[in-house]
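Engineer: sequence and predicted structure, then a few things I'm wondering about:
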Amino acid sequence: QVRLVASGGGSVQAGGSLTLSCTAATDRAFSSYVMGWFRQAPGKEREFVAAISLSSGMTHYADSVKGRFTISRENGRNLLYLHMNSLKPEDTAVYYCAAKRMEGTYSAAETYNYWGQGTQVTVSS
């Protein structure tokens, strides 16, 4: 079992920065889980933002955030981060962290087994 708690959301003006954190309580080593961030804006489906592989050696990003967002993890502290820079109003959404055991298909939400409760990010113009 895995329990995920996301935090760090808030309100920021366009062009600003935020860092989201996700704390994980896991039955296995945190390093044995692929971790991802997804987001859902009002009236829209949940969409992939970023993912990081088991060994933290590879990261994956949605085109809409590439070059602006950075995903990272601290395996020794069971922490996942999403560093968000140059925020835009269209980044406004509830952001969720997620975990799964298997590598691959990083952008597919249905492949993730565990989800956090979400944290709201609001970017004003």
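Structural biologist: Perfect, I can see it now. Residues are numbered from 1 along each chain as shown.

Engineer: how much space is there between the residue nearest the centre of the chain and S125?
Structural biologist: By Cα atoms, centre = their mean, the chain has its centre lying nearest to W37, at 2.1 Å. Here the criterion is Cβ to Cβ, to the nearest Å. By it, W37 lies 23 Å from S125. To be clear about C-beta, it is placed using only N, CA and C from the backbone, and glycine gets the same treatment.

Engineer: T23 now?
Structural biologist: Taking Cβ to Cβ, one finds T23 at 31 Å from S125.

Engineer: more neighbours, those two?
Structural biologist: Using other Cβ atoms under 10 Å, the more surrounded residue of T23 and S125 is T23, with 16 against 9.

Engineer: now name the helix or strand holding the more buried one.
Structural biologist: strand 18-26 (DSSP states H and E).

Engineer: what pairs with that strand, parallel or antiparallel?
Structural biologist: strand 2-7 (antiparallel), strand 79-84 (antiparallel) (DSSP bridges).

Engineer: got any ranges where this protein has weak pLDDT?
Structural biologist: 55-56 (pLDDT under 70).

Engineer: OK, contacts around the nearest residue to K44 once chain neighbours are set aside?
Structural biologist: Nearest residue to K44, sequence neighbours excluded (Cβ to Cβ, 6 or more residues apart in numbering): A93, at 7.9 Å. Neighbour list for A93: R39, Q40, A41, K44, Q120, V121 [criterion: Cβ atoms under 8 Å, 6 or more residues apart in numbering].

Engineer: send the alpha carbons of stretch 93-108 over as PDB?
Structural biologist: The C-alpha trace of stretch 93-108 is given here as PDB (Å, rounded to 0.1, in the frame of the first residue of the first chain):
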ATOM      1  CA  ALA A  93      -5.600  23.200 -11.900                       C
ATOM      2  CA  VAL A  94      -5.600  20.700  -9.000                       C
ATOM      3  CA  TYR A  95      -2.300  18.900  -9.100                       C
ATOM      4  CA  TYR A  96      -2.100  15.200  -8.100                       C
ATOM      5  CA  CYS A  97       0.900  13.000  -7.300                       C
ATOM      6  CA  ALA A  98       0.700   9.400  -8.300                       C
ATOM      7  CA  ALA A  99       2.700   6.200  -8.000                       C
ATOM      8  CA  LYS A 100       3.000   2.900  -9.700                       C
ATOM      9  CA  ARG A 101       5.500  -0.100  -9.800                       C
ATOM     10  CA  MET A 102       5.900  -0.600 -13.500                       C
ATOM     11  CA  GLU A 103       8.100   1.500 -15.900                       C
ATOM     12  CA  GLY A 104       6.600   2.700 -19.200                       C
ATOM     13  CA  THR A 105       3.400   4.500 -20.400                       C
ATOM     14  CA  TYR A 106       4.300   7.300 -18.000                       C
ATOM     15  CA  SER A 107       1.600   9.600 -19.300                       C
ATOM     16  CA  ALA A 108      -1.300   7.200 -18.900                       C
END
